[in-house]
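Asker: need a structure here:
(one chain, ligands or ions: 2)
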Amino acid sequence: MRNPFYFRTLPIDAAFCDREKELEELISHANNRANVTLISPRRYGKTSLVRRVQHALSNQGSATLYADFFGVTSGEEVAAKLASEVYRITHKQESLYDKAIRFFSLLRPVVRPDQESGYSITVEISKGKTGIELIEDAMTGLGKFAAGKNALCHIVFDEFQEIVELKDAYAIEGVMRSHIQNHSNASYFFVGSRRRILSDMFNDRKRPFYKSAVNYHLSPLPMDDLISFLIERFKSQGKSCSREISQKIYDLTMGYPYYAQKLAYHTFELTDTQAADKELHGAFLRLIEEEKPLFEAIIQGLGIRQISLLTALAKEPTQTPFAVDYMTRHNLGSVGAVQGAVKKLERLDYIERIDAVYRVVDPILAVWLKKREVIE
Ligand SMILES: Nc1ncnc2c1ncn2[C@@H]1O[C@H](COP(=O)(O)OP(=O)(O)O)[C@@H](O)[C@H]1O
Ligand SMILES: [Mg+2]
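Answerer: Ligands and ions are numbered 1, 2, ... in the order given. All right, here's what the predicted structure looks like:
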């Protein structure tokens, strides 16, 4: 009996909950050669979803490229990533690969034998060039690659908001935009977990990417679909999880895909034949314990005022964080301090404002913050 739940990016053949409408709409946008920003908090299933979009497009004969910008530190690195993706997908076919080499003038492929996958491709960068020049070259090459295809060329830039942290970010945005608008045979998906930053890039009229993409927001998993998914997954491996327990998994995780899978994973582990409150409770403690290092790292990256506000919002979501009684009750300092903290926490996407109420985005972080207060 194998545990049927996953909490890493879902393999293409793993069971997938809902997202049918999203898949259909995203595939349609791609086929229309539209560009899309796909936005949600982290671990909502964006990467898993775009993989499926690309799998379907690839079955239709499209070329699909994927570059993850998470953790990039320079323009040079961005350029190398883009070129190496073109080399990777053309490498299997000699004639294509020979062409691909001519698409770039500053970014040469270096192929080395590799024990796991047979070979690996890295990119050698011409010396003395700036990050902007290299990105210019990478985007030119990408454009030539796309133009040479009869079919759609679909390109995903995952965690794209990371480029705003780079030196010369504004110029990089400008170069990318000016190329992308001419790649008429391509559809770009800009995927991001820091919603404010990504949506500012595309919705601020002073920015290069202004209004160049369809804004697409991904929601948590719908309640009914998630409940049926959980019941069915347990059943597929010979155990059972009642509607009532599945409902509790939904409630505890608020349909947050990663947490729903992880809580279900541990509940399954602890269950003999039929999941009950005892197993669910044990699983929830395990979940919080496992996330603790990440939560601690989040806290360590914040200032004292930001931690106080985050904790206050975990305990008591509010419409009025600037009200004197709220600030006093939670020891938040001055209005100025709270304003600064709100801004910073929103940019990091740790808090959000829904229906005028400020709250912590991550439901499990919120639980942990509340517990932490009690322990200390
Ligand atoms: N449609 C789905 N059905 C079931 N689980 C999902 C679904 N989408 C995401 N998940 C779960 O959420 C986790 C995080 O997904 P991921 O695609 O990495 O999110 P993101 O890219 O938004 O950070 C996955 O490992 C998986 O466990
Ligand atoms: Mg992702």
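Asker: only C-alpha atoms for contact and neighbour calcs from this point on.
Answerer: Noted.
Asker: ok, residue 335 touching residue 322?
Answerer: Yes - the pair residue 335 / residue 322 is scored as a contact, 5.8 Å apart, by CA atoms under 8 Å.
Asker: For the two, indicate the residue with more neighbours.
Answerer: When residue 335 and residue 322 are compared for neighbours, residue 322 comes out ahead with 19 against 14, by other CA atoms under 10 Å.
Asker: what are the phi and psi angles of that one?
Answerer: phi -90, psi 0 (degrees, to the nearest 10).
Asker: just residue 274 next, same as before
Answerer: According to degrees, to the nearest 10, residue 274 has phi -130, psi 120.
Asker: List the contacts of it.
Answerer: Contact partners of residue 274, counting by CA atoms under 8 Å, 6 or more residues apart in numbering, are 239, 240, 241, 242.
Asker: pLDDT score for the closest residue to it other than its chain neighbours?
Answerer: Residue nearest to residue 274 in three dimensions, not counting chain neighbours: residue 240, with 4.7 Å by CA to CA, 6 or more residues apart in numbering. Predicted confidence (pLDDT) for residue 240: 98.
Asker: right, and residue 240 touches residue 228 too?
Answerer: No - contact criterion CA under 8 Å: residue 240 and residue 228 do not qualify, at 11.9 Å.
Asker: Neighbour count for those two, which is higher?
Answerer: residue 240 (21 against 16).
Asker: For the more buried one, give its distance to residue 271.
Answerer: Using CA to CA, to the nearest Å, residue 240 is found at 9 Å from residue 271.
Asker: Please apply the same query to residue 335.
Answerer: 49 Å.
Asker: How about residue 352?
Answerer: Residue 352 is 35 Å from residue 271, by CA to CA.
Asker: helix or strand for the residue nearest to residue 122 when sequence neighbours are not counted, which one?
Answerer: What sits nearest to residue 122 in space, not counting adjacent residues and going by CA to CA, 6+ apart, is residue 110, at 5.2 Å. In this structure, residue 110 sits in strand 107-114 according to DSSP states H and E.
Asker: and that strand, what other elements does it pack with?
Answerer: helix 75-90, strand 118-125, helix 131-147 (3 or more CA pairs under 8 Å, 6 or more residues apart in numbering; DSSP states H and E).
Asker: Give the pairing partners of it; include direction for each.
Answerer: When pairs are called by DSSP bridges, strand 107-114 turns out to pair with strand 118-125 (antiparallel).
Asker: Now the strand it pairs with: buried residues?
Answerer: Going by neighbour count (16 or more other CA atoms under 10 Å), the buried part of strand 118-125 is 121, 122, 123, 125.
Asker: again, but for stretch 182-191
Answerer: 183, 185, 186, 187, 188, 189, 190, 191.
Asker: Of all pairs in the residues you listed, which one spans the longest distance?
Answerer: 185 and 191 (19.5 Å; CA to CA).
Asker: between the helices and strands packed on strand 107-114, which one is nearest to ligand 1?
Answerer: For the helices and strands packed on strand 107-114, distance to ligand 1 was read as CA to the nearest ligand atom. The smallest value, 18.5 Å, belongs to helix 75-90.
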